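> Pasting the sequence and the predicted coordinates here, then a few questions.
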Amino acid sequence: MIYILLAATGYSCLPIFTKTLLASGLDPIDLAEWRYVVAVPLFWLIALRRPVAPLEGRVPRLPVMVLGSLLALAAIAAFFGLQRTPAGTYVVIFYTYPTMVALISLFRGERLSSTGYVALALTVLGIVLSTPGFETGFTADALPGLITALINALIVAVYFLWSNRLLRGLPPLRAGAWTVTGTLVTLLILAPLGGITVPSSVDAWVNLVLLAVISTVLPVFSLNIGIQKLGATKASIVSSFEPILTSVLALIFLNESMQPIQWLGAVSIVASVVILQLRPQPATKAVPEPL
């Protein structure tokens with residue numbers, strides 16, 4: 001449980017570091033690139049220290065790196081969304097990705113249980129209530145952040161379903177290292193779209209390193225270890241407090257607050273996650289890493 005709490009806390013800090021770095025002059029693509037430039041060597045340093053077990057399969061490097069390109073798109077979407085939306089609100093809406101996993105599975109022919117439909121209804125309700133301006137009527141300013149958060153959630157849902165099949169039976173640390181390598185390669189390919197801005201202050205570099213270590217490397221490995229020790233279902237339920245923690249941290253460090261009706265939406269989305277994880281599911285499924 002400690003590992004899962006560490007992972008959730010690390011991911012909850014991501015919007016805080018992101019908002020600070022965006023304010024320092026970095027754009028979303030710059031931020032995504034520097035995040036993985038710092039994080040990828042740390043992933044490999046950890047992965048190479050652990051020998052591959054005899055029963056673990058060989059990592060198919062190209063497919064796994066292509067999988068990592070989805071994380072690049074998710075990172076860019078997250079940083080663009082956080083540029084336009086309060087941190088707590090964005091993460092609450094993003095946390096609809098477990099329901100999107102269930103919906104994609106439904107379209108692929110899997111049966112959705114009655115609890116799944118209840119979770120879907122709670123998710124839709126949570127999105128509506130959490131969107132800024134709901135209580136006074138939707139505004140055009142709220143739509144970009146809402147759409148970006150939903151796109152981010154959809155990318156992560158697709159990543160989860162694909163990785164669940166592709167990475168099964170592979171050495172987790174090596175597979176993870178090749179995945180984030182693919183993420184970095186994709187981001188470097190996209191670099192000409194905006195150029196690469198080098199952080200210009202010590203504070204920016206400190207926040208960038210914290211983003212890479214606390215909100216990237218630490219939560220990925222903590223989540224993997226926690227799922228192995230606690231089980232996917234319990235791990236999912238424990239980690240579902242992440243949107244609430246993000247909202248609290250945003251209030252403390254960014255002076256951002258949510259309206260009572262948005263808190264109601266957050267509770268609705270968290271409840272949908274818990275309901276989805278309480279339903280029977282195959283033992284091999286796990287929670288994807290959010291960002």
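Received it, and whenever you're ready, just let me know what you need. Numbering: from 1, shown residues only.
> Where does pLDDT dip in this protein?
Residues of the chain meeting the criterion pLDDT under 70: 52-57, 112, 131-142, 194-195, 227-228, 230-237, 277-291.
> which stretches of it form helices?
2-23, 28-48, 61-84, 87-94, 97-107, 114-130, 142-166, 172-190, 202-212, 218-230, 232-239, 242-253, 260-278 (DSSP state H).
> For residue 196, which of these is the nearest?
helix 28-48 (6.2 Å; Cβ to Cβ). Placement of C-beta: from N, CA and C, glycine included.
> Contacts for the closest one, please.
With Cβ atoms under 8 Å, 6 or more residues apart in numbering as the test, helix 28-48 has contacts from 18, 21-22, 26, 72, 75-76, 79-80, 83, 173-174, 176-177, 180-181, 183-184, 187-188, 190-191, 193-197, 199, 208-209, 211-213, 216-217, 220-221.
> Please apply the same query to stretch 92-100.
With Cβ under 8 Å, 6+ apart, stretch 92-100 has contacts from 78, 81, 85, 119-120, 123, 126-127, 130-131, 145-146, 149-150, 152-154, 156-157, 160, 236, 240, 242-243, 246-247, 258, 262, 265-266, 269-270, 272-273, 276-277, 287-288, 290.
> Kindly report the same for stretch 70-83.
So stretch 70-83 is in contact with 14-15, 18-19, 22, 28-29, 31-32, 35-36, 90, 94, 144-145, 148-149, 151-152, 155-156, 158-159, 162, 179-180, 182-184, 186-187, 190, 291, going by Cβ under 8 Å, 6+ apart.
> number of nearby residues for residue 94?
For residue 94, the neighbour count with other Cβ atoms under 10 Å is 28.
> right, I mislabeled it, should have said residue 124
15.
> try residue 117
Residue 117: 13 neighbours (other Cβ under 10 Å).
> Show the contacting residues for the closest residue to residue 103 other than its chain neighbours.
Distances taken as Cβ to Cβ, 6 or more residues apart in numbering put residue 120 closest to residue 103, at 6.9 Å, once the chain neighbours are dropped. Going by Cβ under 8 Å, 6+ apart, residue 120 touches 99, 102, 103, 112, 272.
> so the last one touches residue 122, yeah?
Yes - counting by Cβ atoms under 8 Å, residue 272 does reach residue 122; the two are 3.9 Å apart.
> Between these two, which is the more surrounded one?
With neighbours defined as other Cβ under 10 Å, residue 272 and residue 122 compare such that residue 272 has more, 27 against 23.
> Next, work out how far apart the more buried one and residue 254 are.
26 Å (Cβ to Cβ, to the nearest Å).
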